[in-house]
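Chemist: predicted model and sequence below, questions to follow.
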Amino acid sequence: ADFNYGADEYDAEGNEEPKALPEGSETMPYIDESPTMSPQLSARGQESGDGVSPTPTDGLGTGGERDAGKGLEMRKLVLSGFLASEEIYINQLEALLLPMKPLKATATTSQPVLTLQQIETIFYKIQDIYEIHKEFYDSLCPKVQQWDSNVTMGHLFQKLASQLGVYKAFVDNYKIALETAEKCSQSNYQFQKISEELKVKGPKDSKESHTSVTMEALLYKPIDRVTRSTLVLHDLLKHTPADHPDYPLLQDALRISQNFLSSINEDIDPRRTAVTTPKGEPLVKDGFLVELSEGSRKLRHVFLFTDVLLCAKLKKAAVGKHQQYDCKWYVPLADLVFPSPEESEHCPQVHVIPDHELEDMKMKISAIKSEVQKEKANKGQSRAIERLKKKMFENEFWLLLNSPAIPFRIHNRNGKSYLFLLSSDYERSEWREAIQRLQKKDLQAFVLSSVELQVLTGSCFKLRTVHNIPVTSNKDDDESPGLYGFLHVIVHSAKGFKQSANLYCTLEVDSFGYFVSKAKTRVFRDTTEPQWNEEFEIELEGSQSLRILCYEKCYDKTKLNKDNNEIVDKIMGKGQIQLDPQAVQTKNWHMDVIEMNGVSEFTHWEWSPFLPSGQPGLSPCLPQIKVEFSMKFTSRDMSLKRTPSKKQTGVFGVKISVVTKRERSKVPYIVRQCIEEVEKRGIEEVGIYRISGVATDIQALKAVFDANNKDILVMLSDMDINAIAGTLKLYFRELPEPLLTDRLYPAFMEGIALSDPAAKENCMMHLLRSLPDPNLITFLFLLEHLKRVAEKEPINKMSLHNLATVFGPTLLRPSEGESKVHLTLASDIWSHDVMAQVQVLLYYLQHPPISFTELKRNTLYFSTDV
């Protein structure tokens, strides 16, 4: 996927970089023989000895080929697509020729932009190529428009192939043309401006009149074009009967074209012919990954070619110079192995950044985001907005660098090991599978010379598909900000497994530009058709995608690694869907199916072979798995509402004073029982209170507490501990007013903002004394429990800050009337208010033990003037 993120301004350590070249400047140093130019040729066909046959209507093939009418229609489809791309190509050549005449005119003046020699070198043979293709287009166009069974056009392709000598001359001059253009760009500002923004005319039926493209990109188009023509000849032959007059002419044209391509590939680099055949792509995959290098985290751009993995860093570039990558290391795929966790002792251990530091940074980012929105609403100065955006980018960059913790280890069997850190097991699986697919081919080990390495690294800037660092501050204003609120997901079942296994699913969503795991089903043992039927409530923070991964649970203790972040369970399948705001923002459940390891997931790997099943890109080692799920979305403004219960007999949605009075207790029974159960068997559970419990279990517990069922204790002892923790959170969230009350909310916000420690202590203790007794006693009871949970932080990974982040908004967030005042944007999940709510609870959690009796005995007076 090409994430449209703008981050070429920063290098791997976060230093500023000049702006990247405009869109359209991507060029390629090797012959690209992929059929991506024409809409009719955009899908891969079955890989075979005589090349690729990519057409979208392969259903007409084989048996249908005997039908002359269908064959005729197929030829027209192929030619129509090629004709459309030929028009674009001619427009590109015209755009390239446009500045040539004025440049020649100035060459003989006293102030030339370029010399005649430089002009001749840069634009060498472009005029000849233009004339060849203009004549070809003008001859072919009426034949396609007046299409019938008698139309012949093989002679046109034969003539085009016979003129490839002009292309040979162009290719021989190509490298020096690029070098001359770059040198002239650096030394002459006028030429630099011309070469950076050439206007290409849009097709006749296109809405876009012009697009801006760099000269460097346009100079590559003739090399690219030869391969397109060759692929079209493949397809025309496939759909032309052997007795048709065009057949021998097309065969001859194809033979000439293939011979020409072979000679060009060898001229470019004999050693790298493997990456330039029609069966492969020069670049298979690229993306930004965090590398642990010499004890520190570095953001790298990683490029996977068909025979080598290259790790690079974007170099700083002086103004006017093209940006380039600096190769940090490379590993030929023939030498690349994935060490197992137990073999990775020599690799550095992963230092995990504490969660509270990451949460703090998220709050800062969202606070800045709010400021940007306010500045824009008030039509503030663009300089102030740019300053805020720059600060936001720096914070997001830090988060991107420090969040990942899942190890992805690469080892060169002839030497060094490398360690990447990822935030998503889905992403790690994609990289691993892409490499393993390529390794199934007959790969040869090699060592690149310094010149070859330079050429390969130089190609990275032009080949890359992921242009910018994935942070939200790079998004354009008109891009979707994503969803903020709660996504309710029911994972129903899965089928398609060949053998019985112990199976479970995890759910990932994107947050702050990267994916994180949010929920996990229970393990369904020894089955081929697991029936989970588990519901989860997932908090969304600007999310646009949902991923579901299906795992086989590993119970082999010898494979378990000491590193807590090492995932040893085997991924059986994975899939992703876009969270369309219009589709999910309904009150009703929306049912869907994710097809894992299938067409929808791997179509972006165009090099993937067709399997005997006829389905493109299916993994030969993984089954076709379908996971059935339902989802619905609750926006943040809806989730903020505290709705009092219509029945006063239960405990959820009922005032705490009513419940304690009815129960004749100081702390509600539900709070005491949930806390007791968590302390008995969940205090060492990793992510307790942070990990979502199964929503159906939480609803079941809610029902028995509301009904005061005599089986509550038995049910609690059998229930998953995360469901019990979720029930406690739900109880506080559904109170008709927050535990720390609506009335005192503004004072809590003011008190936590005080800078003088003594004044803050006086204020915060007075506010506690001002609470009704049931609220105060329950709050102190919960406070001591959360402190005991935090004492086990080395095991459960829940610090005081983490717990404050979970419970702060739940205990302080105002009820519906108040929240309308404080909620400005749906996306303000980490607004100043939320930050303050967390800080209030954190203050009390970090405070020495607070006794109800001592608090009431204390007679310090609180003044609002403090």
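Modeler: Here it is on my side, so go on. Residues are numbered from 1 along each chain as shown.
Chemist: next one: phi and psi at the nearest residue to Lys441 once chain neighbours are set aside?
Modeler: Spatially, and ignoring its direct neighbours in sequence, Lys441 is nearest to Thr306 (7.8 Å; C-beta to C-beta, 6 or more residues apart in numbering). Yep, even glycine has a C-beta here, placed from its N, CA and C like the rest. Backbone torsions for Thr306, taken as degrees, to the nearest 10, come to phi -70, psi -10.
Chemist: shaky segments in the stretch 301-450 of the chain?
Modeler: Low-confidence segments of the stretch 301-450 of the chain (pLDDT under 70): 317-322, 340-350, 380.
Chemist: where do the strands sit along it?
Modeler: Here the stretch 301-450 of the chain has its strands, by DSSP state E, counting those that start in this stretch, at 308-314, 325-332, 336-337, 406-412, 417-422.
Chemist: so which of those strands is nearest Thr741?
Modeler: strand 406-412 (42.1 Å; C-beta to C-beta).
Chemist: any chance of TSV for the strands of the stretch 301-450 of the chain, columns mean neighbour count?
Modeler: Shown next, in TSV, are these (neighbours: other C-beta atoms under 10 Å):
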stretch	mean neighbour count
strand 308-314	22
strand 325-332	18
strand 336-337	17
strand 406-412	20
strand 417-422	20
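Chemist: following the worst-scoring helix or strand of the chain on mean pLDDT, which helix or strand shows up next?
Modeler: Within the chain, no helix or strand scores below helix 599-602, which has a mean of 32 by mean pLDDT, DSSP states H and E. For helix 599-602, the following helix or strand on the C-terminal side (DSSP states H and E) is strand 625-635.
Chemist: what packs against that following strand?
Modeler: Secondary-structure packing of strand 625-635 (3 or more C-beta pairs under 8 Å, 6 or more residues apart in numbering; DSSP states H and E): strand 483-495, strand 545-552, strand 570-578, helix 581-584, strand 590-596.
Chemist: now do the buried residues in the first one.
Modeler: Right, strand 483-495. Neighbour counts using 16 or more other C-beta atoms under 10 Å place Leu483, Tyr484, Gly485, Phe486, Leu487, His488, Val489, Ile490, Val491, His492, Ala494, Lys495 of strand 483-495 among the buried residues.
Chemist: one step back: adding distance to Asp442, write the strands of the stretch 301-450 of the chain out as JSON lines.
Modeler: As requested, the strands of the stretch 301-450 of the chain are exported to JSON lines (distance: least, C-beta to C-beta, whole Å):
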{"stretch": "strand 308-314", "distance to Asp442": "15"}
{"stretch": "strand 325-332", "distance to Asp442": "13"}
{"stretch": "strand 336-337", "distance to Asp442": "15"}
{"stretch": "strand 406-412", "distance to Asp442": "19"}
{"stretch": "strand 417-422", "distance to Asp442": "25"}
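Chemist: select, out of those, the one closest to Leu549.
Modeler: strand 406-412 (12.1 Å).
Chemist: so which residue is dead centre in the chain?
Modeler: Centroid check for the chain by C-alpha atoms, centre = their mean gives Tyr514 as the closest residue, at 6.1 Å.
Chemist: coming back round to it: mean pLDDT for the helices and strands packed on strand 625-635: which is lowest?
Modeler: Of all those, helix 581-584 carries the lowest average pLDDT, namely a mean of 68.
Chemist: my guess is Thr660 contacts Lys666, does it?
Modeler: Yes - with contact defined as C-beta atoms under 8 Å, Thr660 reaches Lys666; the gap is 6.5 Å.
Chemist: more crowded one of those two?
Modeler: Thr660 (21 against 14; other C-beta atoms under 10 Å).
Chemist: list the contacts for that one?
Modeler: Applying C-beta atoms under 8 Å, 6 or more residues apart in numbering to Thr660 gives the contacts Lys666, Val667, Pro668, Pro774, Thr778.
Chemist: recalculate using a threshold of 6 Å.
Modeler: Residues near Thr660 by C-beta atoms under 6 Å, 6 or more residues apart in numbering: Pro774.
Chemist: and it, which of the three is it?
Modeler: Judged by DSSP: H, G, I helix; E, B strand; the rest coil, the three-state class of Thr660 is helix.
Chemist: the closest residue in space to Arg733 that isn't next to it in sequence and Ile683, how far apart?
Modeler: Sequence neighbours aside, Thr810 is the residue nearest to Arg733 in space, at 5.1 Å (criterion: C-beta to C-beta, 6+ apart). To Ile683, Thr810 is 19 Å away according to C-beta to C-beta, to the nearest Å.
Chemist: and for Glu131, the neighbour number?
Modeler: Neighbour tally, Glu131, other C-beta under 10 Å: 13.
Chemist: got the domain boundaries for the chain?
Modeler: As given by the TED database, the domain ranges for the chain are 69-268, 276-348+405-474, 353-394, 483-554+566-598+623-637, 641-860.
Chemist: which helix in the chain runs the most residues?
Modeler: Criterion DSSP state H: the longest helix present in the chain is helix 68-97.
Chemist: same for that one, what does it pack against?
Modeler: Using 3 or more C-beta pairs under 6 Å, 6 or more residues apart in numbering; DSSP states H and E, the elements in contact with helix 68-97 are helix 126-145, strand 198-201, helix 215-238.
Chemist: winner for burial among these?
Modeler: Scoring these by mean neighbour count under mean count of other C-beta atoms under 10 Å gives helix 215-238 as the most buried, with a mean of 22.
Chemist: tell me the pLDDT of Asp243.
Modeler: 86.
Chemist: next, give phi and psi for it.
Modeler: The phi/psi pair for Asp243 (degrees, to the nearest 10) is phi -90, psi 0.
Chemist: hmm, back to that, now the helices and strands packed on helix 68-97 in CSV, with mean pLDDT and distance to Ser692?
Modeler: As requested, the helices and strands packed on helix 68-97 are exported to CSV (pLDDT from 0 to 100; distance: least, C-beta to C-beta, whole Å):
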stretch, mean pLDDT, distance to Ser692
helix 126-145, 91, 58
strand 198-201, 86, 50
helix 215-238, 80, 47
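Chemist: for Ile88, find the nearest of those.
Modeler: strand 198-201 (8.0 Å).
Chemist: okay, now the sheet partners of that closest one, with direction.
Modeler: According to DSSP bridges, strand 198-201 forms sheet pairs with strand 210-213 (antiparallel).
Chemist: does the residue nearest to the centre of the chain touch Ser424 like I think?
Modeler: No - the pair Tyr514 / Ser424 is not scored as a contact, 7.1 Å apart, by C-beta atoms under 6 Å.
Chemist: ok, Leu782 to Arg387 distance?
Modeler: Distance from Leu782 to Arg387, by C-beta to C-beta: 41 Å.
Chemist: which residues are in contact with Arg547?
Modeler: For Arg547, the contact set (C-beta under 6 Å, 6+ apart) comprises Tyr426, Glu508, Gln576.
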